[in-house]
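Colleague: Quick one: sequence and predicted model below, then my questions.
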Amino acid sequence: MINVTQTFLPPLAEYEAQVARAWKNQWLTNRGELVLELEDKLKSYLGVNQMVITNNGTIPLQIAVKLFGRGGEVITTPFSYVATTAAIVWEHCTPVFVDIDPNYLTIDETKLEAAITNKTTAILATHVFGNPCAVEAIEHVAKKHGLMVIYDAAHCFGVKYKGQSIFNFGDISTCSFHATKLFHTAEGGAFFCKDPNVAHQMFYSHNFGHNGPLDFHGLGINGKISELQAAMGLSVLPYMSEVLSARKAVVAFYEQNLDFGKVRTIKIRENTDWNYSYYPIIFESETALRAVQQRLNEKGIFPRRYFYPSLNTVAYAKGTEMPISEQVAACVLCLPLYVGLENQTLQQICNLINS
Ligand SMILES: *Cc1c(COP(=O)(O)O)cnc(C)c1O
């Protein structure tokens, strides 16, 4: 069976060697040696100054929305994974959707200002499939109206924009280290912020609000990751350049062998070093998508309809119509993309789609 992705696993002995350190320390969580070491290594690998690893990529979104959404309206994209909208609603804020750009698939920065009201507190936008939002334009609007900018950068491990980590943009960026993502700790995630004040609030909030053992800085939740998960991260990280070049080769195969007469793919923003995290193709109609999906499924190939549905149509979000996002969401299929996919399989996928 060929799925949309396959988790990259390091040699078991290397994971065991990392886990053995936790045994030796008799220390399994609460920011132990392995978590701190992984944070240090990731900071230099990614080129970021402040980062905290968390138990998944959703909790830091919720913390950010709780702290900076403050129960108000949060402007967001309808084209993302459900966690983006759910975090807003879960934290008793109101999602206000702004449609996407049809080519980049990120929130349409030219439509942002029209969505701002006196209740707007923040913008929560997603860098879709590792493709950066129009960060300069978004931050310009945010600054003008005094809004916080939070990026759901779940797909952005290793992405650079204008030569620096995409995590360095906005007030807060979050990432996911889930097993289906590019770099993973089985379950895990992180947040990144530049302003030490914001970082401080995010940090305390992810650890019950603790300020030392007996004092509490404020309200908090448990967003900590364990040493066992950090052990996975430490054993996956040395393979990242291998992972990236294998994925790049798969994307190059698709680019060379797919017939782009009837399908298109995402347009990667200028000045981006992309991470080949997903390979979406967009059909002319949902009927065409379903026909191709069925043919692929019959051969044991399972691409994923990602992102579907458009989040403004989720019942609890109560969004207005978003024609571009709804159209793209109905017609997008992410093709298998992972280390170890063979050219023969890729050729079969391309042939089925082209025919
Ligand atoms: C995976 C993902 C998340 C959630 O991350 P978890 O680590 O699974 O909690 C959030 N947003 C987007 C866009 C994602 O793809």
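Modeller: Thanks, I have the structure now.

Colleague: who touches the worst-scoring helix or strand of the chain on mean pLDDT?
Modeller: Ranked by mean pLDDT, DSSP states H and E, the weakest helix or strand in the chain is strand 2-3, scoring a mean of 92. Residues from elsewhere that reach strand 2-3 (C-beta atoms under 8 Å, 6 or more residues apart in numbering): 300-302, 304, 336, 341, 345, 349. Backbone N, C-alpha and C define where each C-beta goes, glycine included.

Colleague: The same query, at a cut-off of 7 Å, please.
Modeller: With contacts defined as C-beta atoms under 7 Å, 6 or more residues apart in numbering, strand 2-3 is touched by 300-302, 336, 345.

Colleague: Name the strands paired with it and say parallel or antiparallel.
Modeller: Strand pairing for strand 2-3, using DSSP bridges, gives strand 301-302 (parallel).

Colleague: Centre of the chain to the partner strand, how far?
Modeller: Its chain's average C-alpha position is 22 Å from that of strand 301-302, according to C-alpha atoms, centre = their mean, to the nearest Å.

Colleague: Could you do stretch 101-111 as well?
Modeller: Once both centres are worked out by C-alpha atoms, centre = their mean, stretch 101-111 turns out to sit 17 Å from its chain's centre.

Colleague: Does that stretch reach the ligand?
Modeller: No - using C-beta under 6 Å from any ligand atom, stretch 101-111 never reaches the ligand; the gap is at least 11.5 Å.

Colleague: could you dump stretch 42-61 to CSV, C-alpha only?
Modeller: Listed next in CSV are the C-alpha coordinates belonging to stretch 42-61 (Å, rounded to 0.1, in the frame of the first residue of the first chain):
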residue,chain,number,x,y,z
LEU,A,42,17.2,22.6,16.4
LYS,A,43,17.9,26.3,17.1
SER,A,44,21.2,26.1,15.3
TYR,A,45,19.9,23.8,12.5
LEU,A,46,17.0,26.2,11.8
GLY,A,47,18.7,29.5,12.6
VAL,A,48,16.3,30.7,15.3
ASN,A,49,17.0,32.3,18.6
GLN,A,50,14.0,31.3,20.8
MET,A,51,12.2,28.1,20.5
VAL,A,52,10.4,25.8,23.0
ILE,A,53,9.5,22.2,22.1
THR,A,54,6.0,21.1,23.0
ASN,A,55,3.9,18.0,23.1
ASN,A,56,2.2,18.6,19.7
GLY,A,57,1.7,21.4,17.2
THR,A,58,-1.8,22.3,18.3
ILE,A,59,-1.2,23.2,22.0
PRO,A,60,1.1,26.1,21.1
LEU,A,61,-1.6,27.4,18.7
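
Colleague: next one: it to chain centre, how far?
Modeller: Relative to the centre of its chain, stretch 42-61 is centred 12 Å away, using C-alpha atoms, centre = their mean.

Colleague: What residues of it count as buried?
Modeller: Using 16 or more other C-beta atoms under 10 Å as the test for burial, stretch 42-61 gives 42, 46, 48, 50-61.

Colleague: What are the contacting residues of that stretch?
Modeller: 35, 38-39, 83-84, 87, 152, 154, 158, 164-165, 167-168, 174-178, 187-194, 199, 202-203, 206, 221, 223-225, 237.

Colleague: Now restrict these to buried residues only.
Modeller: Here, 16+ other C-beta under 10 Å leaves 35, 38-39, 83-84, 87, 152, 154, 158, 165, 167-168, 174-178, 187-194, 199, 202-203, 206, 223-225, 237 buried among those.

Colleague: These also near the ligand: which ones?
Modeller: 83-84, 152, 154, 176, 178, 189.

Colleague: Let me have those residues in JSON lines, extended by pLDDT.
Modeller: Output for these, formatted as JSON lines (pLDDT from 0 to 100):
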{"residue": "83", "pLDDT": "98"}
{"residue": "84", "pLDDT": "98"}
{"residue": "152", "pLDDT": "98"}
{"residue": "154", "pLDDT": "98"}
{"residue": "176", "pLDDT": "98"}
{"residue": "178", "pLDDT": "98"}
{"residue": "189", "pLDDT": "98"}
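
Colleague: mind showing which ranges of the stretch 251-355 of the chain have poor pLDDT?
Modeller: By pLDDT under 70, the stretch 251-355 of the chain has no low-scoring segment.

Colleague: right, and the helix or strand after the longest helix along the chain?
Modeller: The longest helix of the chain (DSSP state H) is helix 240-257. As assigned by DSSP states H and E, the chain's next helix or strand after helix 240-257 is strand 264-265.

Colleague: and after that next one, which helix or strand comes next?
Modeller: strand 272-273.

Colleague: The closest residue to residue 132 other than its chain neighbours bridge partners, please.
Modeller: Among residues not flanking residue 132 along the chain, residue 161 sits closest, at 4.6 Å (C-beta to C-beta, 6 or more residues apart in numbering). Listed by DSSP bridges, the beta-bridge partners for residue 161 are residue 164, residue 272.

Colleague: Do I have it right that residue 161 meets residue 268?
Modeller: No - under the criterion of C-beta atoms under 7 Å, residue 161 makes no contact with residue 268, lying 10.5 Å away.

Colleague: Could I get the buried residue list for stretch 248-268?
Modeller: In terms of neighbour count (16+ other C-beta under 10 Å), stretch 248-268 has its buried residues at 250-251, 253-254, 258, 263-266, 268.

Colleague: which pair in these spans the largest distance?
Modeller: Using C-beta to C-beta, these reach their maximum pairwise distance at 250 and 264, which is 18.2 Å.

Colleague: and the closest residue to the ligand within the stretch 251-355 of the chain, helix, strand or coil?
Modeller: Proximity to the ligand, evaluated over the stretch 251-355 of the chain using C-beta to the nearest ligand atom, is greatest for residue 307 at 7.7 Å. Classification of residue 307 by DSSP: H, G, I helix; E, B strand; the rest coil places it in coil.
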